[in-house]
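1. Got a sequence here, can you build the structure:
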Amino acid sequence: MLHWATNVGHPGYANAATDEIFNTWVLNTMFAKAATGTLPIDDAIKEAAAKCKAIFAKWDQKGLV
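-> Okay, here's the model as predicted:
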């Protein structure tokens, strides 16, 4: 496994923000919405980007990213 697996934050380090994004399925949901046609691809990307920015801002205020 050490030869093909990596941490969530690769190539950087994992942190509270990347952990929350991973654990709340932000990227999985983006792909699902785009793949099923629930949202146009560009809108799904914009929605996920906004969620990621909000998550990073929250953890940045706490000094943890």
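
2. ok, the spatially most central residue of the chain to Asp60 distance?
-> Relative to the mean C-alpha position of the chain, the nearest C-alpha, by Cα atoms, centre = their mean, is the one of Ile21, at 3.9 Å. Counting by Cβ to Cβ, to the nearest Å, the separation of Ile21 from Asp60 is 13 Å. For glycine as for every other residue, the C-beta is placed from the backbone atoms N, C-alpha and C.

3. any idea which element the residue nearest to the centre of the chain lies in?
-> helix 16-23 (DSSP states H and E).

4. Show the average pLDDT along that helix.
-> Mean per-residue pLDDT for helix 16-23: 95.

5. centre of the chain versus the following helix or strand past that helix, how much separation?
-> Going down the chain from helix 16-23, the next helix or strand is helix 26-36, by DSSP H and E. How far helix 26-36 lies from its chain's middle: 11 Å, per Cα atoms, centre = their mean, to the nearest Å.

6. same question, stretch 51-65
-> 12 Å.

7. outside of it, which residues touch it?
-> The set of residues external to stretch 51-65 that reach it, using Cβ atoms under 8 Å, 6 or more residues apart in numbering, is Asn15, Ala16, Ala17, Glu20, Ile21, Thr24, Val26.

8. Repeat that for stretch 27-40.
-> Ile21, Ile41, Ala44, Ile45, Glu47, Ala48.

9. buried stuff in that stretch?
-> Neighbour-count burial for stretch 27-40 flags Thr29, Met30, Lys33, Ala34, Leu39 (criterion: 16 or more other Cβ atoms under 10 Å).

10. what's around Ala48, how many residues?
-> Neighbours of Ala48 under the rule other Cβ atoms under 10 Å: 20.

11. For the remainder of this discussion, apply numbering that starts at 377.
-> Sure, I'll start counting at 377 from here, so that last one is Ala424.

12. ok, it - contacts?
-> With Cβ under 8 Å, 6+ apart, Ala424 has these contacts: Val402, Leu403, Thr405, Met406.
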